[in-house]
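A.B. asks: predicted model follows, preceded by the sequence.
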Amino acid sequence: SVGIKVEDPYGDMSGLVRSLEDLFPRNWHFHTWYELEKPMYKSFQTTRSLLTFIMGIIMLVGIFNISAALTMAVLEKQQEIAVLKGIGVDTGTIVIGFLFAGFLCGLIGTVWGISAGLLLSVNINELLRGLDLLFSRGGGSVIPKEYYLEQIPVTVNWARTGIVAAVSLALSVLASILPAIKGAGLSVMEVMRRV
């Protein structure tokens with residue numbers, strides 16, 4: 001077998017393979033690295049899909065927490081909301097206040113989450129080397145080198161990162177709609193009667 005090193009190993013190789021097949025005799029066969037290592041790449045794709053699913057669940061838990069926190073704020077601040085409504089603050093302003101609170105919670109969580117995620121992912125190789133040094137016995141590796149890559153290639157896709165941030169903020173605002181409507185719909189007389 002003969003290996004051919006190309007300038008862009010991650011690009012589409014189908015055109016190159018066809019060109020080589022046309023140049024060489026019929027008994028020569030050409031395979032891309034992807035074809036030779038297809039099970040490994042399928043495993044990587046499955047892992048990526050699983051991590052995306054887990055990230056979605058984590059976002060849903062965060063959204064539920066924002067909604068629960070704002071619902072508790074409505075319950076705890078019923079008197080203050082009633083006073084605001086009693087002095088003439090319209091329901092739209094109260095709704096906007098709760099929506100802004102949800103947006104602010106989502107913004108803080110998104111900034112922290114994306115910052116921590118980028119910091120960890122960009123430095124993943126150094127972290128793994130540090131864990132190897134910390135936990136290895138006798139200079140060996142915690143995980144045998146046969147089972148994982150020597151170095152994990154990391155590229156930050158800013159477009160996807162932006163989409164994740166936008167979806168996170170949008171979901172935070174959506175999660176605060178129900179508590180905002182509940183807070184704006186409080187009856188001043190009913191709240192004052194309970195006081």
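C.D. replies: Cool, the structure landed. Numbering: from 1, shown residues only.

A.B. asks: low-confidence ranges in this structure?
C.D. replies: Regions of the chain meeting the criterion pLDDT under 70 cover residues 137-150, 195.

A.B. asks: identify the residue nearest the geometric centre of it.
C.D. replies: Among the residues of the chain, the one closest to the centroid is residue 55, at 5.1 Å (Cα atoms, centre = their mean).

A.B. asks: starting at the chain centroid, how far to the helix or strand harbouring residue 46?
C.D. replies: Element membership of residue 46 [criterion: DSSP states H and E] is helix 38-76. Computed by Cα atoms, centre = their mean, to the nearest Å, the chain-centroid distance of helix 38-76 equals 7 Å.

A.B. asks: report the buried residues of it.
C.D. replies: Buried residues in helix 38-76, defined by neighbour count with 16 or more other Cβ atoms under 10 Å: 59, 62-63, 66-67, 70-71, 73-74. The way it works is simple: take the backbone N, C-alpha and C, and place the C-beta from them, glycine included.

A.B. asks: and stretch 186-195, by the same measure?
C.D. replies: In terms of neighbour count (16+ other Cβ under 10 Å), stretch 186-195 has its buried residues at 186, 191.

A.B. asks: quick revisit: OK, contacts around the residue nearest to the centre of the chain?
C.D. replies: residue 164 (Cβ atoms under 8 Å, 6 or more residues apart in numbering).

A.B. asks: do you know how far it is from residue 106?
C.D. replies: If you measure residue 55 against residue 106 using Cβ to Cβ, to the nearest Å, the figure is 15 Å.

A.B. asks: so residue 171 makes contact with residue 64?
C.D. replies: No. The criterion here is Cβ atoms under 8 Å, and residue 171 misses it with residue 64 at 10.2 Å.

A.B. asks: run through the neighbouring helices and strands of whichever strand or helix holds residue 99.
C.D. replies: In this assignment (DSSP H and E), residue 99 forms part of helix 91-122. Counting contacts by 3 or more Cβ pairs under 8 Å, 6 or more residues apart in numbering; DSSP states H and E, the secondary-structure elements packed against helix 91-122 are helix 38-76, helix 78-86, helix 158-175, helix 177-184.
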